[in-house]
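Participant: This is the structure alone, sequence omitted:
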């Protein structure tokens, strides 16, 4: 198993929190949650699903700049 590290941006937005990974944003690497912790858990799941899909489709997984 390979381990990847991705930067995550977490921002408040009215009554919720927005979370995204800048290098995965164009692949759908963004989500939200009602609390900071919910948004962080959601983005962890989104990143995992996105990376798994990229690997399955033979796409390169971006490195951290």
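Facilitator: In hand now; what should we look at? Small disclaimer: the values here were computed from a predicted structure and weren't measured.

Participant: Report the contact partners of the residue nearest to residue 35 when sequence neighbours are not counted.
Facilitator: Nearest residue to residue 35 in three dimensions, chain neighbours excluded: residue 17, at 6.6 Å (C-beta to C-beta, 6 or more residues apart in numbering). Glycine gets a C-beta too; all of them are placed from N, C-alpha and C. Taking C-beta atoms under 8 Å, 6 or more residues apart in numbering, we find residue 17 in contact with 10-11, 32-36, 38-39.

Participant: Could you list the buried residues of the helix or strand where residue 17 lies?
Facilitator: For residue 17, the enclosing helix or strand under DSSP states H and E is strand 16-20. Residues of strand 16-20 classed as buried by neighbour count (16 or more other C-beta atoms under 10 Å): 17-20.

Participant: Could you dump those into a markdown table with pLDDT added?
Facilitator: Shown next, in a markdown table, are the buried residues of strand 16-20 (pLDDT from 0 to 100):
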| residue | pLDDT |
| --- | --- |
| 17 | 98 |
| 18 | 98 |
| 19 | 98 |
| 20 | 98 |
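
Participant: most neighbours, which of the contacts of residue 17?
Facilitator: residue 39 (23 neighbours; other C-beta atoms under 10 Å).

Participant: Do a quick rundown of the strands in the protein.
Facilitator: 9-13, 16-20, 30-33 (DSSP state E).

Participant: if I pick the spatially closest residue to residue 29 that is not a sequence neighbour, what's in contact with it?
Facilitator: Distances taken as C-beta to C-beta, 6+ apart place residue 21 nearest to residue 29, at 4.2 Å, with adjacent residues excluded. By C-beta under 8 Å, 6+ apart, the residues touching residue 21 are 6-9, 29-30, 43, 47.

Participant: Quick one, which of those are buried?
Facilitator: 6, 8, 29-30, 43, 47.

Participant: Tell me which two of those residues sit farthest apart.
Facilitator: Pairwise distances across the buried ones among the contacts of residue 21 (C-beta to C-beta) peak at 12.0 Å, for the pair 6 and 30.

Participant: residues contacting the nearest residue to residue 30 once chain neighbours are set aside?
Facilitator: The spatial neighbour of residue 30 that comes closest, neighbours along the chain excluded (C-beta to C-beta, 6+ apart), is residue 20 at 3.7 Å. Residue 20 is in contact with 8-9, 29-31, 43, counting by C-beta under 8 Å, 6+ apart.
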